[in-house]
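> task: produce atomic coordinates for the following.
(one chain, ligands or ions: 1)
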Amino acid sequence: MTKKRIFSGMQPTNNLHLGNYLGALKNWVDLQKQGDECIFCVVDLHAVTVPQEPDKLAQATREIAAAYIAAGIDPEKAIIFPQSAVAAHSQLMWLLATMSQMGKLERMTQFKDKAGKNTERVGLGLFAYPVLMAADILAYKATHVPVGEDQKQHLELAREIASTFNTRYKVEHFPQPEPQILGEATRVMSLKDGTKKMSKSDESDLSRINLTDDAEKIAAKIKRAQTDSAPLPISVEELKDRAGADNLVTIYASLMGRSKSDVLKEFGGQPWSVFKPELAEIAVRHLSPITERMSDLLAHPDKIDRILKDGAEQADIIARPILRETMDIMGFWRA
Ligand code: TYM
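Next comes the predicted model:
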């Protein structure tokens, strides 16, 4: 059996929110505890698929690295690094782009959402985004990729690209990366509209809980979160068609590491005025130590920079020979 190698990443754009934490970061921390090889990237090349301010990008990269560490990723055990610091990502992306189909890229829901009706003027980077993501994963021959539900389609494409390569060159070069969509909160929804994903790009700050929100803000946002007039149901089936209610129960369950049905056993039949303050309290209990650690870390940017530099060196040691092997299979010149 091949050894597990875990790879995942987040974009350095705006603040991380509860969806990023429950859908991905919290699971990364659990996976790291299991002792597998873990590589966590800050995907700054993906961030520039939409315009970023040059004087903010490096600091945003440090902030995401700080969030990883504050949430429990240990730089002694896992590799943490910026994507742009390891050239293999961009180089492999080009090679993989030659075997990626435009039709498949056009069908990516995230692309369709981001491009809207404006497909003529949309940048090539946004279109090719999933190919870069495939390169991120395959540059390390990663076997497992823990992400939220919204990345599932991109991962399916990465698997297809890996098998297209293997078939075309008649080799077993790239493994098929397994998506790991774990826990109860694989898709955390907006607090204002339970049918929309919680997102960094939502105009309303009330729609999300940011990892940097203080206790008061978290409580206020949960208090105003969308629910309905009925009390909490007693079974998970009854949460169907109650998107706002389902979302809050999901968040509670995920934060506590419990199942939704277990949470409903405790709170079924209670009004929201009882549940919401409980939810606010546990959200604050989980998030405020992370926020605190994050600001302590950010007070020493030199330390974060050292971690990112070391991480980039370690990542490069893994990715460079895989890129070379890929080029050899394709028949490129070498000295
Ligand atoms: P990004 O930066 O949008 O999000 C980072 C992670 O957070 C998850 N996530 C959510 N999970 C649950 N509910 C939500 N509302 C929610 N919003 C975001 C995402 O699923 C993701 O796991 N393309 C990726 C980054 C990436 C990547 C990779 C991931 C680039 N290369 C290689 C894995 C492997 C992205 O934009 O994530």
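
> show me what the worst-scoring helix or strand of the chain on mean pLDDT is packed against.
Lowest by mean pLDDT, DSSP states H and E among the helices and strands of the chain is helix 109-115, with a mean of 88. For helix 109-115, the elements it packs on are helix 124-138, helix 152-168, judged by 3 or more C-beta pairs under 8 Å, 6 or more residues apart in numbering; DSSP states H and E. Where you see a C-beta, it was placed from the backbone N, CA and C, and this is true even at glycine.

> who in the protein is up against the ligand?
Residues of the chain found near the ligand, taking C-beta under 6 Å from any ligand atom as the criterion, are 7-11, 19-20, 23-24, 43, 46, 133, 136-137, 145, 147-148, 150-151, 154, 186-188, 197-198.

> report pLDDT for the nearest residue to residue 10 once chain neighbours are set aside.
Closest residue in space to residue 10, ignoring its immediate chain neighbours: residue 64 at 5.6 Å, by C-beta to C-beta, 6 or more residues apart in numbering. Note on residue 64: pLDDT of 97.

> try residue 120
Note for residue 120: predicted pLDDT of 81.

> state the distance from it to residue 112.
As judged by C-beta to C-beta, to the nearest Å, residue 120 and residue 112 stand 14 Å apart.

> what do you get for residue 33?
37 Å.

> what's the top helix by length along the chain packed up against?
Counting residues, the longest helix found in the chain (DSSP state H) is helix 301-330. Judged by 3+ C-beta pairs under 8 Å, 6+ apart, the packing partners of helix 301-330 are strand 37-42, helix 54-71, strand 78-82, helix 88-97, helix 272-298.

> buried residues in it?
Going by neighbour count (16 or more other C-beta atoms under 10 Å), the buried part of helix 301-330 is 304, 307-308, 311-312, 314-316, 318-319, 322-323, 326, 329.

> could those residues go into JSON lines alongside distance to residue 166 and pLDDT?
Listed next are the buried residues of helix 301-330 as JSON lines, based on distance: C-beta to C-beta, whole Å; pLDDT from 0 to 100:
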{"residue": "304", "distance to residue 166": "38", "pLDDT": "98"}
{"residue": "307", "distance to residue 166": "35", "pLDDT": "98"}
{"residue": "308", "distance to residue 166": "32", "pLDDT": "98"}
{"residue": "311", "distance to residue 166": "29", "pLDDT": "98"}
{"residue": "312", "distance to residue 166": "28", "pLDDT": "98"}
{"residue": "314", "distance to residue 166": "26", "pLDDT": "98"}
{"residue": "315", "distance to residue 166": "23", "pLDDT": "98"}
{"residue": "316", "distance to residue 166": "24", "pLDDT": "98"}
{"residue": "318", "distance to residue 166": "20", "pLDDT": "98"}
{"residue": "319", "distance to residue 166": "18", "pLDDT": "98"}
{"residue": "322", "distance to residue 166": "14", "pLDDT": "98"}
{"residue": "323", "distance to residue 166": "16", "pLDDT": "98"}
{"residue": "326", "distance to residue 166": "11", "pLDDT": "98"}
{"residue": "329", "distance to residue 166": "10", "pLDDT": "98"}
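
> got JSON lines for those residues, with distance to residue 93 too?
Converted to JSON lines, the buried residues of helix 301-330 look like this (distance: C-beta to C-beta, whole Å):
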{"residue": "304", "distance to residue 93": "26"}
{"residue": "307", "distance to residue 93": "25"}
{"residue": "308", "distance to residue 93": "21"}
{"residue": "311", "distance to residue 93": "20"}
{"residue": "312", "distance to residue 93": "17"}
{"residue": "314", "distance to residue 93": "20"}
{"residue": "315", "distance to residue 93": "15"}
{"residue": "316", "distance to residue 93": "16"}
{"residue": "318", "distance to residue 93": "17"}
{"residue": "319", "distance to residue 93": "12"}
{"residue": "322", "distance to residue 93": "13"}
{"residue": "323", "distance to residue 93": "10"}
{"residue": "326", "distance to residue 93": "11"}
{"residue": "329", "distance to residue 93": "16"}
